[in-house]
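In: pasting a predicted model and its sequence here:
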Amino acid sequence: MLHYLVFLGAAVSLFGTFSYIRDTLKGITKPNRVSWLLWSITPLIGAAAAFADGIRWAALPIFMAGFGPILVFIASFVNKNSYWKLGKHDYICGVLSVLALVLWGITNNPTLAIIFAIAGDAFAAIPTLQKSWTHPETESGIVYVTALFNVMTSFAAMKIWSLSEIAFPIYLIFINISLLFAVYRKKYILKSWNNKSHTNHTIS
C-alpha cells in the first residue's frame, strides 16, 4: 500500500509547481530558463532509464521532477519581467548539461544513463543555485519543498533498491535541500544568527 504514496507526492509536487508558476506570472519569481528547460529533460531521461530497468511506480516522482519544470519554463515566456537574464556562465552550464545528455544518448546501459542524467541535471542546477544564493528574493522556495516531498515518496515504492533505482532520488533530495538552503539562508538562518548575536551583545 505504501507505493500509493507516490500519487500523493505527485499531487503535492503539482501544487508547488503551480505556486511557482503563479509567482512567475506575477513577476515575483524569476526562473532561470537554462535550469528549468534542462530540468524538464534530465529527470524524464532518468525516469525512462529507470523504467527500462524494470522500475515502475518508483519512477513516477522522477517523472514529476521533469514534468513540473517544463510548465515553469513555458510560463516564463508569459511575463517578460519574469525570467532571469542569462549570462555566459549560464550558457556554459547549459552546454555541459547537454553534453551529459548526449553521452546518455550513446549508451544503452541504464545505470550509465542515470549517471549521465544526474550529471546533466546537476549542471543545469548550477545557474539557479548560484542565483538563489546571491538573489534569493527571485526564487519561491515552496516548489523545492514540494519537490523534496515528492521525491521522498519514491522510496515507498522501491522494491529492488538497486543503484539505478535509488541514484536519481538521492541526488534530487540533495539538490533540493541545497536550493532550499540557498533560498532561505538570508531570510531565516542568517537573520536568526544575527538576532542571536545582537541579543548576546546586548546582554554582555
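Out: That came through fine.

In: so what's the residue most central in space within the chain closest to, chain neighbours aside?
Out: Using Cα atoms, centre = their mean, the residue of the chain that lies closest to the mean C-alpha position is Asn176, 5.5 Å off. Among residues not flanking Asn176 along the chain, Leu148 sits closest, at 4.3 Å (Cβ to Cβ, 6 or more residues apart in numbering). No exception for glycine: its C-beta is placed from N, CA and C like everyone else's.

In: which residues of the protein score low on pLDDT?
Out: Applying pLDDT under 70 to the chain picks out residues 1-3, 56, 58, 157, 164, 188-204.

In: where along it do the helices fall?
Out: 5-26, 33-39, 42-52, 60-75, 88-105, 110-134, 142-152, 163-184, 190-203 (DSSP state H).

In: identify whichever of the ones you listed lies nearest to Asn81.
Out: With Cβ to Cβ as the measure, helix 5-26 is the member of the helices of the chain nearest Asn81 (9.5 Å).

In: can you tell me what sits against the closest one?
Out: 29-31, 57-58, 60-61, 64-65, 68, 71-72, 75-76, 78-79, 82, 140, 142-147, 149-154, 156-157 (Cβ atoms under 8 Å, 6 or more residues apart in numbering).

In: are any of those residues buried, and which?
Out: 29-31, 57-58, 60-61, 64-65, 68, 71-72, 75-76, 82, 140, 142-147, 149-154, 156-157 (16 or more other Cβ atoms under 10 Å).
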